[in-house]
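**Q** got a sequence here, can you model it:
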Amino acid sequence: MQTKINFKLPVTVFKEGKYFIAYSPVLDLATQATDFDVLHKRFNEAVTIFFEELIDLGTIATVLSNLGWKKIKNNWSAPIPISHEIREFHTSLVA
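**A** Numbers count the residues shown, from 1 in each chain. Model (predicted):
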């Protein structure tokens, strides 16, 4: 039996060298590719596999709860990021 679920995820995409990296903090899930369009395809596949595994293992409630998701009625809601910032820090380190 196939189950359809719909949800929104915050995804950060950044570049390291020749790789694009997609990361979602609400699933603690990431993937990479050298092509931006391939990255989106791979990330979609990774999310699908993530949820398939949770369902197969019967751990969806435990894992999503531990990641900060809330169950409202029969739907799961991901935590909502408040801010994504790049900050500069200056500190003195003693070795």
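
**Q** low-confidence ranges, the protein, go.
**A** 1-4 (pLDDT under 70).

**Q** where do the helices of it begin and end?
**A** Using DSSP state H, the helices of the chain run over residues 36-57, 60-66.

**Q** so which of those is nearest residue 26?
**A** helix 60-66 (9.1 Å; Cβ to Cβ). C-beta: built from backbone N, CA, C; applies to glycine.

**Q** just to revisit the earlier point, as a markdown table, the helices of the chain with distance to residue 95 and mean neighbour count would be great.
**A** Shown next, in a markdown table, are these (distance: least, Cβ to Cβ, whole Å; neighbours: other Cβ atoms under 10 Å):
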| stretch | distance to residue 95 | mean neighbour count |
| --- | --- | --- |
| helix 36-57 | 38 | 14 |
| helix 60-66 | 36 | 14 |
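
**Q** centre-most residue in the chain?
**A** residue 24 (2.4 Å; Cα atoms, centre = their mean).

**Q** that one contacts residue 8, correct?
**A** No - using Cβ atoms under 8 Å, residue 24 is not in contact with residue 8, being 10.4 Å away.

**Q** before we move on, back to that, export the helices of the chain as CSV, with columns for distance to residue 80.
**A** CSV is the format used below for the helices of the chain (distance: least, Cβ to Cβ, whole Å):
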stretch, distance to residue 80
helix 36-57, 17
helix 60-66, 14
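
**Q** select, out of those, the one closest to residue 20.
**A** Once the helices of the chain are compared by Cβ to Cβ, helix 36-57 is nearest, at 4.5 Å.

**Q** what's the closest one in contact with?
**A** 3, 5, 9, 11, 13, 20-22, 24, 27, 29-33, 60, 63-64 (Cβ atoms under 8 Å, 6 or more residues apart in numbering).

**Q** please flag which of the residues you listed sit within strands.
**A** Cross-referencing these against strands under DSSP state E gives 13, 20-22, 24, 29-33.
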